[in-house]
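> have a look at this prediction, sequence included:
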Amino acid sequence: MAGLCGLSLFAATTFADPGSRNTRLEAQRETSSSAGTAVKQPMPVLPNTAATAKDTESQATPQKPAPMDAEVPFLPGEIKTIVIDPGHGGTNAGAIGVAKIYEKTLTLQVAMIVADRLRAKMPDVNIVLTRQRDDALSLTERIQIANQLNADLFVSLHFNSSMNPEAIGYESFWAGDYWIADMEKNGEIIDDETRNARTITAKLGERMAKCFNHAMHRRFDVLDRGVKPGDYTVLTRAKVPSVVLELAFLSHAQEGLAVISQSVRSKLADAVVDAVVKYGNVEYIP
Ligand SMILES: [Zn+2]
């Protein structure tokens, strides 16, 4: 996937500051917990509506208006279908690191473990792999599988690479606002219904991304590179909650060799499974 797992990713410093986003999410967390109730279905997002201003004004105690996304719990509904996407495949080999194993091979190995474990843990959920062999699929084809199934979650698995040999750790990407520019570029109309739906699915992607980083943090003593908006086709074209997960740097001397170990790949898969389970648990606030 050109641009996704190479230099541009490591050098991608133009993303919004994760710190400010985390602050907003802390606010969301506090709002949710102080309310004492969890709403099971995501509420529609209506940015800048009169209703929002009115509700704020009608509160007995004047309060500083909170950002819109600080007030809305973005929680998934019942999960019926999950699509796991082993990044790259076929002629698109992805990164190759110090262990001289292609990214496409590693993503498929981890994805197969993830799928098996999810099927065991969630027998009622349909777990779909975008590929089960060394097949080449376009990015559009991958996300179309999830869109056509109306999946409840799309998880694209990748390994990172950088010219900087020190680059290390894991990171995750969600759609942010990049879907807007993508739709505009394609001449698609963004009506209120589309805007609300896409905003909710994007924020649910962010929830999954945060679940993943937390699951990794509990298992690996390595750099957490953050949860970031990413301008990637499998995110911007997603009509369902979607994430790109970068599990480790194949170019790093230690990390790139560690992935040879079956136990490390098993642990990586375990983190993804844990994240999916936590994502679906509306009681869990990542
Ligand atoms: Zn990749």
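Arrived safely. Numbering: from 1, shown residues only.
> where does the stretch 1-150 of the chain dip in pLDDT?
1-73 (pLDDT under 70).
> ok, Val98 - contacts?
Val98 makes contacts with Leu250, Ser251, His252, Ala253, Gly256, Leu257, as judged by Cβ atoms under 8 Å, 6 or more residues apart in numbering. C-betas here are computed from N, CA, C, even on glycine.
> which parts of the stretch 151-286 of the chain are strands?
Secondary structure of the stretch 151-286 of the chain (DSSP state E, counting those that start in this stretch): strands located at 153-160, 170-174, 224-229, 242-249.
> pull out the buried residues from the third one.
What that stands for is strand 224-229. Of the residues in strand 224-229, Arg225, Gly226, Val227, Lys228, Pro229 count as buried by neighbour count, 16 or more other Cβ atoms under 10 Å.
> need the per-residue pLDDT for the last one.
When you say that, I think you mean Pro229. Pro229 is assigned 98 on the pLDDT scale.
> same question for the second one.
What the model reports for Gly226 is a pLDDT of 98.
> look up how far the ion lies from it.
Applying Cβ to the ion, to the nearest Å, the value for Gly226 to the ion is 17 Å.
> bridged to the most centrally placed residue in the chain, which residues?
When the chain is reduced to its mean C-alpha position, the nearest residue by Cα atoms, centre = their mean turns out to be Val243, at 2.5 Å. Beta-bridge partners for Val243, by DSSP bridges, are Val155.
> you'd agree it is up against Val155?
Yes - in this structure, Val243 is within contact of Val155 by Cβ atoms under 8 Å, at 5.7 Å.
> which residues are common contacts for these two?
If you check Val243 and Val155 against Cβ under 8 Å, 6+ apart, the residues they both contact are Met208.
> spell out which residues of the stretch 51-200 of the chain are next to the ion.
Within the stretch 51-200 of the chain, the residues that sit near the ion (Cβ under 5 Å from the ion) are Gly87, Gly94, His158.
> show me which of the residues you listed is closest to Ala275.
Nearest to Ala275 out of these is His158 (Cβ to Cβ; 14.7 Å).
> how near is that closest one to Ala151?
For His158, the distance to Ala151 equals 18 Å [Cβ to Cβ, to the nearest Å].
> coming back round to it: redo the strands of the stretch 151-286 of the chain as CSV? Include distance to Asp135.
Output for the strands of the stretch 151-286 of the chain, formatted as CSV (distance: least, Cβ to Cβ, whole Å):
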stretch, distance to Asp135
strand 153-160, 15
strand 170-174, 23
strand 224-229, 28
strand 242-249, 19
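> ok so, going back, let me see the contact set for the residue nearest to the centre of the chain.
Here Val243 is in contact with Phe154, Val155, Ser156, Ser172, Phe173, Trp174, Gly205, Met208, Ala209, Phe212, Leu235 (criterion: Cβ under 8 Å, 6+ apart).
> closest to Tyr279 among those residues?
Met208 (4.7 Å).
> Provide a list of residues in contact with that closest one.
Met208 sits next to Leu153, Val155, Ser172, Trp174, Pro241, Val243, Ala275, Val276, Tyr279 when contact means Cβ under 8 Å, 6+ apart.
> below-threshold pLDDT in the stretch 151-286 of the chain: ranges please.
For the stretch 151-286 of the chain, no range has pLDDT under 70.
> check it for the residue nearest the ion and tell me.
His158 (3.4 Å; Cβ to the ion).
> do I have it right that that residue meets Phe249?
No - counting by Cβ under 8 Å, His158 stays clear of Phe249, with 10.9 Å between them.
> more neighbours, the two?
For His158 versus Phe249, neighbours defined as other Cβ atoms under 10 Å are more numerous around Phe249 (33 against 30).
> for the more buried one, name its beta-bridge partners.
Using DSSP bridges, the bridge partners assigned to Phe249 are Asn160.
> what segments of the protein are helices?
Per DSSP state H, the chain carries helices over the ranges 7-10, 18-35, 50-58, 68-71, 103-121, 139-148, 178-185, 192-219, 233-236, 255-258, 262-280.
> quick check: the farthest pair among the contacts of Met208?
Farthest-apart pair in the contacts of Met208 is Trp174 and Val276; separation 14.6 Å (Cβ to Cβ).
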